[in-house]
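K.L.:
Prediction below, plus the sequence it came from.
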Amino acid sequence: MDLSALNEPDTLPALISDKLSGTAIDYREKYQIITASKKTAIRHHAAGVLLLLSYGKTTAGGAPEFFFQLIKRSQSVSQAGDISCPGGMLHHLADGILSRLLTAVWDKEMFRQNGDEETGSLIRLFLTNALRESWEEIGLKPWNVRFLGALPCYSLLLFSRTIFPLVAVTKKPFRFSLSSEVESVVEIPLRLFFEEANYANLEIDAPQNSGKEVYRKNFPCLVVQDAAGSKIILWGATFFIITNFLSLIFGDSLPETSSARTIKKSLNIDYLFGKHK
C-alpha cells in the first residue's frame, strides 16, 4: 500500500477517519462482561486511552511528520517504565456525567461506528474518560483534539483490565504539564513502525499476582531511541494497539515482527502494584 499519506497533514487524518468508520469494534460486548464481573469475586476494570497523533517536528528534530505522543510511566505507579497511551481507569459516575454534558456539544454522527446507539454511547463515554485522564496526565486540553475513531478493545494478561482505545490527532502543539504518574512524554514517528530493523523479541520474566510464581513469555516489540539517545522498548498492550491500528489503516504494509534479536527483561513485584501499594 502507498505510504505517502504518512507525511500528509490533511490526507492522513481523513484516511484514518474513513478507515475506522468501517471498523467493527467490540465495546458493547466487552463492557457487558465488565459490568457482569461486578457480581463476582474477581472484578474486571475498564480503562479508556487515547492513541494520540501529532504532526510537526519531534523533539529530536528533522522534517515535520506524524508521530505518536505516548507517555513513560513513573516509578510511583504500576507498570513503571512502560511506554503507554495517555489515559486511565474509567470513573463511572464522573465520566458518565461529563459524557452526557458533552453529548450536547459533540455531533452524534461522529460516534456511529457500529451503527447502533449503545456502541455510540460507549464510544462517547470512553472518549470522555480518555480525554479527562490525558488532561490530568499531560495537560492535553480536550478542545485541542480531533477525534478520528475507535479501535477494538485489548484485555491485559497480567491485570484484570480491558483497554478501550480511541484515536485522535492534536490540532496544534501544546505545552506538557506532567502529573506524578508520568515520567516523560515519548514521541515515536509512525515511519519507524515500517522499518523491519526496529523490531525484536522481548523475553519477559514477571511475578504472578501472588508474587511467588514467575510468568515467562515472549512478546514482539519495537526498539528505537528517544531524543536523548536512550533506548525505548515498546511492547505489550501499547505495541499491540499501535500495530493493530496501523494494520487497519495501511493493510499488510507493516514488516514481520518476528526477529532473531532477543531482549530480556525481568519485572519485580512493584511492576504489578507500584511502589506506593
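P.N.:
That came through fine.
K.L.:
Please identify the buried residues of the helix or strand harbouring Leu50?
P.N.:
Taking DSSP states H and E as the definition, Leu50 sits inside strand 45-58. Of all the residues in strand 45-58, those buried under the rule 16 or more other Cβ atoms under 10 Å are 46-55, 58. C-beta: built from backbone N, CA, C; applies to glycine.
K.L.:
By pLDDT, give me the weakest of these.
P.N.:
Within the buried residues of strand 45-58, the minimum per-residue pLDDT falls on Thr58 (85).
K.L.:
Can you name the residues that contact the closest residue to Val223 other than its chain neighbours?
P.N.:
Leaving out its chain neighbours, the residue that sits closest to Val223 by Cβ to Cβ, 6 or more residues apart in numbering is Ala200, at 5.1 Å. Neighbour list for Ala200: 220-223, 259, 261-263 [criterion: Cβ atoms under 8 Å, 6 or more residues apart in numbering].
K.L.:
got a winner among the residues you listed for most neighbours?
P.N.:
Cys221 (25 neighbours; other Cβ atoms under 10 Å).
K.L.:
Need the phi and psi values for it.
P.N.:
For Cys221, the backbone dihedrals (degrees, to the nearest 10) come out as phi -150, psi 160.
K.L.:
ok, back up a step: whichever helix or strand comes after the strand holding Leu50 pairs with which strands, and in what direction?
P.N.:
For strand 45-58, the succeeding helix or strand toward the C-terminus, using DSSP H and E, is strand 61-73. Strand pairing for strand 61-73, using DSSP bridges, gives strand 45-58 (antiparallel), strand 83-84 (antiparallel), strand 182-189 (antiparallel).
K.L.:
Ile16: what secondary structure?
P.N.:
Assigned by DSSP: H, G, I helix; E, B strand; the rest coil, the conformation of Ile16 is helix.
K.L.:
Next up, the contacts around it.
P.N.:
Ile16 touches 53, 148-149, 167, 169, 249, counting by Cβ under 8 Å, 6+ apart.
K.L.:
same thing but at 7 Å, please
P.N.:
148-149, 167, 249 (Cβ atoms under 7 Å, 6 or more residues apart in numbering).
K.L.:
What does the pLDDT read for it?
P.N.:
96.
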